[in-house]
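> generate coordinates for the sequence data below:
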Amino acid sequence: MRLIRLLAVPALLVVAASRSVAAGDPAVSLQGLFSDNDCEAAPEILGYWTGNSDLGGTWTLQKLGDRKYRLVKQVEESHNGIRPAFDICAAPLAGYLFFDATYQELRPDGKEVLGSDESGFWIPLHLIGRLDIEMNVLHFRLLNADWLEDAWKSQRVHFSRAQDDDGAYILTASSKELKEFVANFATDPTAFSWEESFERAPAKDDANKD
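Presented below is the predicted three-dimensional model:
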């Protein structure tokens, strides 16, 4: 799962994290697109889903507090009991539903793994994009790093970023700048073109146990 390998990095240094972002990957940000207060309920996304692209297999979308959600890999499909998960906040911007997601790893008991190194230190990198909901399909359209690089070169976007020696970038813009960017490019199909799609899967008997 390339998207998970991209995000599952202990981040003792911002530069170390940025080296995982290569051309052709979704762009990642140090700042979130939304604060917790921005999140809005989207109950239609709850349930079992089957990934059709990089995040294959069966996942559940569960409530996380009042207005946030967690996309979790099913226990039986996990490796050594550690399950990948994404904490998701969704809210409307410019007439579309957008999301901010951060990667987590969960132990068999459901508790978060705080880090993969001995210190347990972890910097959550944010994925941002547009969430299009059809009757039985979810389309997470993430910000494309290749498009973003071209937009920087052509000066269509101007917000801040960091670059390492290998030329990889990570966004360092504020949440306010990110919201302005999203509003300006919400209808550009090439900006949010790195897609992860999920089809609704049949409910299981243990749907309320996970």
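> which residues of this protein fall in helices?
Remark: helices assigned in the chain by DSSP state H are 2-7, 14-18, 145-153, 175-185.
> could you list the buried residues of the longest one?
By neighbour count on 16 or more other Cβ atoms under 10 Å, the buried set for helix 175-185 is S175, E177, L178, K179, E180, F181, V182, F185. To be clear about C-beta, it is placed using only N, CA and C from the backbone, and glycine gets the same treatment.
> so where do the strands sit in the protein?
Shown for the chain, the strands assigned by DSSP state E span residues 47-51, 57-64, 68-73, 83-93, 96-106, 126-133, 137-142, 161-163, 169-171, 194-200.
> ok, how many other residues are close to the nearest residue to R161 once chain neighbours are set aside?
Closest residue to R161 apart from its sequence neighbours, by Cβ to Cβ, 6 or more residues apart in numbering: Y169 at 4.8 Å. Y169 is flanked by 19 other residues according to other Cβ atoms under 10 Å.
> just to revisit the earlier point, compare the helices of the chain and say which comes out lowest on pLDDT.
Lowest mean pLDDT within those: helix 14-18, at a mean of 32.
> run through the chain and note the low-pLDDT ranges.
The model of the chain has pLDDT under 70 over residues 1-24, 76-79, 114-122, 164-168, 204-210.
> try 80 this time
Scanning the chain for pLDDT under 80 picks out the ranges 1-24, 53-54, 75-81, 108-110, 113-123, 163-169, 203-210.
> which strand residues bridge G47?
Applying DSSP bridges to G47 gives these bridge partners: L61.
> contacts only, for it.
Residues near G47 by Cβ atoms under 8 Å, 6 or more residues apart in numbering: T60, L61, R200, A201, A203, A207.
> give me the buried entries from the residues you listed.
Looks like those have T60, L61, R200, A201 buried, using 16+ other Cβ under 10 Å.
> surely the last one touches N52?
No. Using Cβ atoms under 8 Å, A201 and N52 do not qualify as a contacting pair, with a distance of 11.1 Å.
> run a quick neighbour tally on T187.
Applying other Cβ under 10 Å, I find that T187 has 11 neighbouring residues.
> state the distance from it to N52.
From T187 across to N52, the span is 24 Å (Cβ to Cβ, to the nearest Å).
> same check, this time on E105
Taking Cβ to Cβ as the measure, E105 falls 22 Å from N52.
> about what we covered before: turn the strands of the chain into a markdown table, columns for distance to D150.
Output for the strands of the chain, formatted as a markdown table (distance: least, Cβ to Cβ, whole Å):
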| stretch | distance to D150 |
| --- | --- |
| strand 47-51 | 28 |
| strand 57-64 | 32 |
| strand 68-73 | 29 |
| strand 83-93 | 22 |
| strand 96-106 | 21 |
| strand 126-133 | 17 |
| strand 137-142 | 16 |
| strand 161-163 | 14 |
| strand 169-171 | 12 |
| strand 194-200 | 14 |
